[in-house]
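Visitor: need coordinates for the below:
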Amino acid sequence: MGPDARERTTLEDEEDMAVEITIGVQNLPREIVLETDQTADEVAAAVAAALDGKTVLELHDTRGRRVIVPTSTLGYVEIGSETKARVGFGSI
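Guide: Next up is the predicted model:
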């Protein structure tokens, strides 16, 4: 395996990574759970920016949907570790 093949494998592995995010919203009995292609650091930066004056927290999930939560209603945001994205019938 040449250097180019190793580099491609590393890039493919990075692209298949996903982060699970759980958002607790005040006065709602259920949590919002989503999986995103963003890195844990990117999600943490988005949460920090939202809490530092933005009026909403906006994230994108792996299915292309946008999740927008008003920062005034955030209870907590739990950011999971980066894991390899699931493939197959189990990911439906």
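Visitor: contacts, neighbours, all on C-alpha from now
Guide: Noted.
Visitor: in the helix or strand containing residue 45, what counts as buried?
Guide: Using DSSP states H and E, residue 45 falls within helix 40-51. Buried residues in helix 40-51, defined by neighbour count with 16 or more other CA atoms under 10 Å: 40, 43, 46-47, 50-51.
Visitor: which SS state does the residue nearest to residue 31 when sequence neighbours are not counted fall under?
Guide: Spatially, and ignoring its direct neighbours in sequence, residue 31 is nearest to residue 24 (5.0 Å; CA to CA, 6 or more residues apart in numbering). The three-state assignment at residue 24 reads strand, by DSSP: H, G, I helix; E, B strand; the rest coil.
Visitor: for residue 24, give me its contacts.
Guide: By CA atoms under 8 Å, 6 or more residues apart in numbering, residue 24 lies in contact with 30-32, 74-77.
Visitor: over to residue 82?
Guide: Neighbours of residue 82 in contact, by CA under 8 Å, 6+ apart: 17-20, 39-40.
Visitor: so residue 56 touches residue 70, yeah?
Guide: Yes. Counting by CA atoms under 8 Å, residue 56 touches residue 70, with 4.2 Å between them.
Visitor: more crowded one of the two?
Guide: Each of residue 56 and residue 70 has its neighbours counted (other CA atoms under 10 Å); residue 56 has more, 19 against 14.
Visitor: residue contacts, the more buried one?
Guide: Contacts of residue 56 (CA under 8 Å, 6+ apart): 50, 68-71.
Visitor: inside strands: which ones of those residues?
Guide: Of these, the ones assigned to strands by DSSP state E are 68-70.
Visitor: about what we covered before: model confidence over the helix holding residue 45, on average?
Guide: For helix 40-51, the mean per-residue pLDDT is 94.
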